[in-house]
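Asker: need coordinates for the below:
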Amino acid sequence: MPSFKIDVSTAVVFVATPPTPKLVSKQTGEIAMDRETGAPLATVGLLISDEGEGNLYQVTVPNTGVPENLTPGTPVTVVGLKARDWENTFNGQTRHGISFRAVAVTPLGA
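Answerer: Numbers count the residues shown, from 1 in each chain. Coordinates of the predicted model:
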């Protein structure tokens, strides 16, 4: 499925939840890996506010693009944010949604 670039150049972005490892399976604790670089993946909750509207997004980022000092409330810039729609069927139930991915999340002024 294709992905789409998201322009956040005019948005205000804050960390809502700190980075946590993205898991392939909660049962095994296996951490998801970036298919291109082999880097472990993390999920960061970001509050993105633009044009009077704010939304919370869970964004997947390679660990190489996530500094250790990201804490809730930190203003950040997001590099290479993209959205991709997904759909899967499990036990006869079809689910779908939109996933978000970025190359890096860095504190402002870093």
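
Asker: gap between the residue of the chain positioned farthest from its centre and D85?
Answerer: Ranked by distance from the centre of the chain (C-alpha atoms, centre = their mean), the top residue is G92, with 27.9 Å. Using C-beta to C-beta, to the nearest Å, one obtains 21 Å as the distance from G92 to D85. All C-beta atoms are positioned from the backbone trio N, CA, C, and that covers glycine.

Asker: try P18
Answerer: Distance of P18 to D85, computed by C-beta to C-beta: 27 Å.

Asker: neighbour count winner among these two?
Answerer: Set side by side, P18 and D85 show unequal neighbour counts under other C-beta atoms under 10 Å, the larger going to P18 at 16 against 12.

Asker: which residues does the more buried one contact?
Answerer: Contacts for P18 (C-beta atoms under 8 Å, 6 or more residues apart in numbering) come out as V44, G45, L70, T71, P72.

Asker: same question, S99
Answerer: Residues touching S99, when contacts are defined by C-beta under 8 Å, 6+ apart, comprise T60, A83, R84, D85, W86.

Asker: note down every partner strand of the helix or strand containing it and its orientation.
Answerer: Using DSSP states H and E, S99 sits in strand 93-101. Its sheet considered, strand 93-101 pairs with strand 53-62 (parallel), strand 82-90 (antiparallel) by DSSP bridges.

Asker: may I have the beta-bridge partners of the spatially most central residue of the chain?
Answerer: Among the residues of the chain, the smallest C-alpha distance to the mean C-alpha position (C-alpha atoms, centre = their mean) belongs to V59, namely 1.1 Å. V59 has the following beta-bridge partners by DSSP bridges: V44, F100.

Asker: can you tell me which residues contact it?
Answerer: For V59, the contact set (C-beta under 8 Å, 6+ apart) comprises T43, V44, G45, L46, V78, L81, F100, R101, A102, V105.

Asker: looking at those residues, spot the one nearest S3.
Answerer: Ranking these by separation from S3, with C-beta to C-beta as the measure, puts R101 on top at 7.3 Å.

Asker: what's the burial count for that closest one?
Answerer: Neighbours of R101 under the rule other C-beta under 10 Å: 17.
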